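Visitor: got a structure for you, letters missing:
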């Protein structure tokens, strides 16, 4: 059974955006190496990573929600529909064996915070939490300073700059 990587990111980037291209290439690379993909199922980074995986024979889960009048992107193998935002987030966490947080806004921040809090409170078995972007590096730095003050773990989230580093980390993690 292949491991599933839940990927969070902005719904805004279009095909000509560097974030979209990075997400597409990441999805392709993960699928080529036997990973399933799970996203929120809509546009932007969610579409890009799904398309990259789909174009390379990967299994793509999408957890959509009835809140928005948006159609899911067409690069989905299995759609799971939810009625409420937090139900959707919970399902995205549940389906993931690992998490990658790409560039995003407040929705992505909410998802990242949920993933981090589940890890911080030991609400699920340990799973890799990987971030990619300068913005997340800064947020992680600030939060880790606070976590140190609270005498909590500060090694729950890691960052990588390239999709190749992300892939190698995941391959090594799941080879253990």
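Guide: Sure thing, it's come through. Bear in mind the structure is a predicted one, so any value in this text is a computation, not a measurement.

Visitor: rest of the way, CA atoms for contacts and neighbours
Guide: Noted.

Visitor: just the helices from this protein, written as ranges.
Guide: 18-32, 45-55, 85-95, 106-120, 134-149, 163-175 (DSSP state H).

Visitor: can I get the ones you listed in TSV including mean pLDDT, distance to residue 9 and mean neighbour count?
Guide: Below are the helices of the chain laid out as TSV (pLDDT from 0 to 100; distance: least, Cα to Cα, whole Å; neighbours: other Cα atoms under 10 Å):
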stretch	mean pLDDT	distance to residue 9	mean neighbour count
helix 18-32	98	9	22
helix 45-55	98	5	28
helix 85-95	96	13	18
helix 106-120	96	6	17
helix 134-149	96	11	14
helix 163-175	97	15	14
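
Visitor: closest one to residue 39 among those helices?
Guide: Residue 39 lies closest to helix 45-55 among the helices of the chain, at 5.6 Å (Cα to Cα).

Visitor: TSV for the helices of the chain, including distance to residue 157?
Guide: Output for the helices of the chain, formatted as TSV (distance: least, Cα to Cα, whole Å):
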stretch	distance to residue 157
helix 18-32	19
helix 45-55	20
helix 85-95	15
helix 106-120	7
helix 134-149	8
helix 163-175	13
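
Visitor: between the ones you listed, which one is closest to residue 75.
Guide: Here helix 45-55 is closest among the helices of the chain (Cα to Cα), at 5.2 Å.

Visitor: looking at this protein, which residue ends up farthest from its center?
Guide: Most distant from the centre of the chain: residue 149, at 27.7 Å, with distances by Cα atoms, centre = their mean.
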